[in-house]
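Visitor: Curious how this folds, go ahead:
(chains A and B)
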Amino acid sequence: MMNDMMTHFDLLQPADLDSALDLLSRHGADAWPLAGGYDSFDWFKNRGKQPAVVIDLEGIAELRGVSELEGGDGPGGADGIEIGAMTTLAAVEADPLIRSRYALLADAAAQVASPQIRNAGTIGGNVCQDTRCWYYRYGMTCYRAGGNTCYAGATGAMNREHAIFGADRCVAVTPSDVAPALVALDAGMVVRSARREKIVPAAEFFMPPGIDITRMTVLGERDLLTAIRIPDRWAGADFRFEKVADRKTWDFALVSVAAAVRTSGSGNGRGVIEDARIVAGAVQCIPRRLTAVEDLVRGRPRDEATADMAGELAVRGADPLDYNHFKIPLLRNLVKRAVRGA
Amino acid sequence: MNEGPPLPGRGNVSRRSFIKSVIATGASVSAMSWFSAPTAGRPQPAARGAVGRLVSLEVNGRTRRVDVLPQETLAMTLRYKLGLTGTKLGCDRAECGACTVMIDGVAHYSCSTLTHRVRGREVTTVEGLEGPGGELHPVQRAFIDELGPQCGFCTPGQVMAAAALLRANPDPTRDEARRAMSGNLCRCGAYDHYLNGVMRAARTGSTATPEVSHA
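Guide: Have a look, this model is predicted:
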């Protein structure tokens, strides 16, 4: 068991955000920002990553908590809420403001890992975590690790959990349950470094392998995700988050679907679909926004026929590997249920 | 719980206290080696916010001074520095729940918590649930009554997860309890027994003493 002792690092525990950003800019690639730690310690214990300096963000009070944005502070000038990146998933799940207006996010947070992990794991850490492809996590020198091959995509490889869309050398998938919900809610990710602050739309926050195969998000070495802003555009919409995994606890999604739907007309929330945002997790390296499906369902009645079409359209173009064909019907049915609303 | 039969040839020293004394000796020896090792004279990292090595921890209502490495997990500190071996290490990867402890009354995996993160916070291990007269916590009593522990390895973690649940929600539904206990594996598969135990403890806890004595 003592083999599992992590190798030495200098642990820095800055008390405020400016100090943390300063430390990050000073140490650059040697530094590792630590949120809840559940992704980080896996890497450290397995010797996959051995940073010289770990910057613990837990003591920074301004990175925690949920607050209301007023007067057009939200992304795109909208009102909404801001969630500190170090807010725990348990706090997100329980927050009354999130529960009442953005239940999609609360539902997604509630399905992450296990209760103990949600008590420490943070929303920022959850969206910034690395992919779980086990060839990569095992330390193989694949494309993502700077090598020149993909082990998971090879014939006969163990790729049951991998991508059915958008593979570009790397076939790993986004592991986050929260990420599809944030893309569906059109969230803005507040990215800060010592020099600048910018707000990146959630849909552009995640990095496709075709652009930079070595990272999962747009965050550079000296950047921190400090907060997530959710505009009120989708507040109180009809939400649905469904995650299918091998086990109900701990496991990462095989497929997840986050949907926000607005309908008009009567008939117990049925009626005509005015607008929808539908995003799938664990089918591609980044959360996959199903824009074609959204375009299809807009203006159509929320019924079985629309749902059938949506499900079929959602899986069009899927390119499965040897062992993940099952994700196609899984995605088709989850999208169908999200559009049908039951 | 029963301390077990004395080891042969060791008089009245129980197996548990014998193991603990070995750990205590080992801890002081390893602490000594820190002072004599060539690195001992190395200055503390000068960077802002860098952690010191000697820290005070609040564990089970007592203040414990302990020498903690920057990368040390709470499970390591509890077991190998403080001799609190009630906390078990199963996977050391946050995938089994055996190492569950309470930090400020909330369940956490101690294998995946840096000890330096719990400075100034209240850590409670299974040893800390003991009442003033040595009596069992209502959850422990209920687990025995419902035949929860079989091999017993996951039990301290199950106890802590259940105690943390009842602290936050003294009257959980069975589904709430199931969900709260879902971060703890049991290889013997005694899940329903533990769940029955949680529900029994919730029923009996009101007439007994559900609160942690020092919390």
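
Visitor: who's residue A:69 bridged to?
Guide: Taking DSSP bridges as the rule, residue A:69 bridges to residue A:80.

Visitor: pLDDT value on residue B:205, please?
Guide: Looking at residue B:205, its pLDDT reads 77.

Visitor: Likewise for the one 3 residues further on?
Guide: The confidence metric pLDDT takes the value 48 at residue B:208.

Visitor: Can you get me a residue count around residue B:120?
Guide: By other CB atoms under 10 Å in any protein chain shown, 10 other residues sit near residue B:120. Heads up, the C-betas are built off the backbone N, CA and C, glycines and all.

Visitor: Pretty sure it sits against residue B:55.
Guide: No - with contact defined as CB atoms under 8 Å, residue B:120 does not reach residue B:55; the gap is 9.4 Å.

Visitor: Now do the closest residue in space to residue B:127 that isn't next to it in sequence against residue B:156, distance only.
Guide: Nearest residue to residue B:127, sequence neighbours excluded (CB to CB, 6 or more residues apart in numbering or on different chains): residue B:86, at 4.8 Å. Separation of residue B:86 from residue B:156 (CB to CB, to the nearest Å): 5 Å.

Visitor: Could you pull out the residues contacting both of the two?
Guide: Any residue near both residue B:86 and residue B:156 by CB atoms under 8 Å, 6 or more residues apart in numbering or on different chains counts here, and that gives B:125, B:126.

Visitor: okay, these two: which has more neighbours?
Guide: residue B:156 (26 against 22).

Visitor: so that one touches residue B:97, yeah?
Guide: No - contact criterion CB under 8 Å: residue B:156 and residue B:97 do not qualify, at 9.9 Å.

Visitor: hey, what's in contact with both of the two?
Guide: In contact with both residue B:156 and residue B:97: no residue, using CB under 8 Å, 6+ apart.

Visitor: Need the contact partners of the lengthiest helix in chain A.
Guide: Looking across chain A with DSSP state H, the single longest helix is helix A:327-340. Contacts with helix A:327-340, where a contact means CB under 8 Å, 6+ apart, come from A:164, A:240, A:242, A:244, A:254-257, A:259, A:261, A:273, A:276, A:278, A:280, A:282-283, A:290, A:293, A:297, A:302-304, A:306-308, A:310-312, A:314-315, A:318, A:320.

Visitor: which of the residues you listed come close to chain B?
Guide: Among these, proximity to chain B is found for none (CB under 8 Å from any CB of the partner chain).

Visitor: Can you tell me which of the residues you listed end up in helices?
Guide: A:293, A:297, A:304, A:306, A:307, A:308, A:310, A:311, A:312, A:314.

Visitor: How about the contacts made by the residue in chain A that chain B sits nearest to?
Guide: Closest approach between chain A and chain B, counting by CB to the nearest CB: residue A:114, at 3.2 Å. For residue A:114, the contacting residues are A:249, A:250, B:94, B:97, B:182, B:183, by CB under 8 Å, 6+ apart.

Visitor: Just give me the neighbour total for the residue nearest to it when sequence neighbours are not counted.
Guide: Excluding the flanking residues, the one nearest residue A:114 by CB to CB, 6+ apart is residue B:183, at 3.2 Å. Residue B:183: 25 surrounding residues under other CB under 10 Å.

Visitor: likewise residue B:85?
Guide: Residue B:85: 18 neighbours (other CB under 10 Å).

Visitor: Enumerate every residue touching residue 165.
Guide: Using chain A. Taking CB under 8 Å, 6+ apart, one finds A:283, A:284, A:288, A:317, A:318, A:319 in contact with residue A:165.

Visitor: right idea, wrong chain: chain B
Guide: B:107, B:172, B:176, B:177, B:180, B:181, B:198.
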